[in-house]
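Participant: Give me a model of this one.
(one chain, ligands or ions: 2)
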Amino acid sequence: MNGFASFLGRKQFILLVLFLLQIQSLGLDINSRPTAEVCATHTISPGPKGDDGEKGDPGEEGTHGKVGPMGPKGIKGERGDIGDQGNIGKTGPIGKKGDKGEKGLLGKHGKKGKAGTVCDCGRYRTFVGQLDISIARLKTSMKFVKNVIAGIRETEEKFYYIVQEEKNYRESLTHCRIRGGMLAMPKDEAANTLIADYVAKSGFFRVFIGVNDLEREGQYVFADNTPLQNYSNWNEGEPSDPSGHEDCVEMLSSGRWNDTECHLTMYFVCEFIKKKK
Ligand SMILES: *[C@@H]1O[C@H](CO)[C@@H](O)[C@H](O)[C@H]1NC(C)=O
Ligand SMILES: *[C@@H]1O[C@H](CO)[C@@H](O)[C@H](O)[C@H]1NC(C)=O
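Facilitator: Ligands and ions are numbered 1, 2, ... in the order given. From the prediction side, this is the model:
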């Protein structure tokens, strides 16, 4: 009953009790038989029941009832058990790029690789071969330029330089020619002195110069075939060619000339005519 009372509210409960008491005081018995039977003898018995009437139109919507009073505050419930773990949430957006980490330690050496395959591409080999030749030429040119820069002598008309590569007479001749020059031909005292000084100061003892008697034994000429008409500077007792094999000429560091064998190899001096402006 206590629960029912609290459900209705104390006020409604009291009203209900009073209502029941009032019914009792009026002498009405809720459980008694219908009153119609009590008055049966005084009333005319009714006719047969009529047909069911048509269903009436629905009534208008009634007005809202008054707002009831606020109910009592409920009892505070006990704290529930901890619920099951929820599902894993969605993957969040990609974060910003992190700072660069520190450099790691040096790794171990890798294993030795497999042996390479032999290239059988002949045409590349030809090309590479040509490249090698070109590179070799370039190197020679570079060496030449280096030598020229390192030490060069000049007069009004010519440049002279000592090629520090041991070559025989003909190779020396070719070397100077392919560079647009000639094997040095000292055609006067001044030129001879300059070359001799150059050779001596460079610390060399002998160099090929452009003088020979290759055409006619004993008829020495310069490499451009001009005769030694105006100038020569033979060492004492030279040229002396008892065997007939000394057809080329070297200049000693003294500036003196000496006939020698053409196949011998030594450094040599090239000369270049300055281009007139
Ligand atoms: C020799 O010198 C003379 C006069 O200086 C000159 O005319 C002549 O051309 C020179 N000869 C040679 C072969 O150089
Ligand atoms: C001159 O040349 C010959 C032959 O090459 C050589 O035997 C001789 O030592 C040379 N003379 C000098 C002074 O170097």
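Participant: CA atoms for contacts and neighbours, from now on please.
Facilitator: Noted.
Participant: What pLDDT is listed against the nearest residue to K187 once chain neighbours are set aside?
Facilitator: Closest residue to K187 apart from its sequence neighbours, by Cα to Cα, 6 or more residues apart in numbering: Y231 at 5.7 Å. pLDDT, Y231: 96.
Participant: Check the one 10 residues further on too.
Facilitator: The pLDDT attached to D241 in the predicted structure is 79.
Participant: What of M182?
Facilitator: M182 is given a pLDDT of 97.
Participant: Surely it is in contact with F272?
Facilitator: Yes - between M182 and F272 there is a contact at 6.6 Å, judged by Cα atoms under 8 Å.
Participant: and these two? which has more neighbours close in?
Facilitator: M182 (23 against 19; other Cα atoms under 10 Å).
Participant: list the contacts for the more buried one?
Facilitator: Contact analysis of M182 by Cα atoms under 8 Å, 6 or more residues apart in numbering lists L173, C176, G210, A223, C270, E271, F272.
Participant: Recalculate using a threshold of 6 Å.
Facilitator: C176, C270, E271 (Cα atoms under 6 Å, 6 or more residues apart in numbering).
Participant: in stretch 223-238, what's buried?
Facilitator: By neighbour count on 16 or more other Cα atoms under 10 Å, the buried set for stretch 223-238 is A223, L228, S232, N233, W234, N235.
Participant: Now the two most distant members of these.
Facilitator: A223 and N235 (19.3 Å; Cα to Cα).
Participant: Tell me what the residue nearest to S172 when sequence neighbours are not counted is bridged to.
Facilitator: Leaving aside its sequence neighbours, S172 sits nearest to F268 (Cα to Cα, 6+ apart; 6.5 Å). Legend: beta-bridge partners of F268 under DSSP bridges are V163, F208.
Participant: My guess is F268 contacts G210. True?
Facilitator: No - with contact defined as Cα atoms under 6 Å, F268 does not count as touching G210 (9.1 Å).
Participant: ok, those two, which is more surrounded?
Facilitator: F268 (29 against 26).
Participant: how far away is the more buried one from V163?
Facilitator: Relative to V163, F268 is positioned 6 Å away (Cα to Cα, to the nearest Å).
Participant: In this protein, which helix is the longest?
Facilitator: helix 122-150 (DSSP state H).
Participant: Nearest to ligand 1: which residue in the stretch 151-277 of the chain?
Facilitator: N230 (4.7 Å; Cα to the nearest ligand atom).
Participant: Just confirm that residue is within a helix.
Facilitator: No - counting by DSSP: H, G, I helix; E, B strand; the rest coil, N230 is located in no helix; its state is coil.
Participant: now, among the buried residues of stretch 223-238, which is nearest to G92?
Facilitator: A223 (90.9 Å).
Participant: secondary structure element for the nearest residue to that closest one once chain neighbours are set aside?
Facilitator: Leaving out its chain neighbours, the residue that sits closest to A223 by Cα to Cα, 6+ apart is G210, at 4.8 Å. In the assignment (DSSP states H and E), G210 maps to strand 206-212.
Participant: Nice, that's everything, thank you.
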